[in-house]
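Undergrad: 3D model of this:
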Amino acid sequence: MPASLGLELVESLSIAERSCSNLVIKHAINRIRVDSETGIGLKEAVAKHTVFSPAVAQIFALGQQLGQLDSMLDRLGKDYDCQATVLSERLTAIAEPLLILMLSVVVGLILFATVLPILEAGNVIAQ
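TA: Model prediction:
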């Protein structure tokens, strides 16, 4: 957040913690908030948790040094959004052929279950 809004880091972390539904990340944000209240730097507090990549800790440090933490985090969010989009497109590309294959097996089994009794009836009649 821009400094002009007057939102403190600890208050921001508290809001982020309350709005997070993932319990692992929620716990990590809680620990970062507690560490920040005790005077540990944000980079060090974030780096303690394996939930966040080391790049996130570096972005926090760089954003604080430059005084542009809000814009750096905005760029990080856009980058993660782009990564999630690419990952979902890749998973969709992998899942489509698998679903088609599974559907063809199901249709084949239904066809086999339908045709087999007809053929057996033909064999019984021929005898």
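
Undergrad: use CA for all of it now, contacts and neighbours both
TA: Noted.

Undergrad: Okay, now the unreliable bits of the chain?
TA: Within the chain, the segments meeting pLDDT under 70 span 1-7.

Undergrad: Next, name the residue at the spatial heart of it.
TA: The centroid of the chain falls nearest to A84 when counting by CA atoms, centre = their mean (6.7 Å).

Undergrad: What helices and strands are in contact with the host helix or strand of it?
TA: A84 belongs to helix 69-126 when assigned by DSSP states H and E. Judged by 3 or more CA pairs under 8 Å, 6 or more residues apart in numbering; DSSP states H and E, helix 69-126 is in contact with helix 54-66.

Undergrad: buried ones in the helix it packs on?
TA: If you call a residue buried by 16 or more other CA atoms under 10 Å, then helix 54-66 has these buried ones: V56, A57, Q58, I59, F60, A61, G63, Q64.

Undergrad: Please state the offset of the helix holding A84 from the chain centre?
TA: Relative to its chain's centre, helix 69-126 lies at 21 Å (CA atoms, centre = their mean, to the nearest Å).
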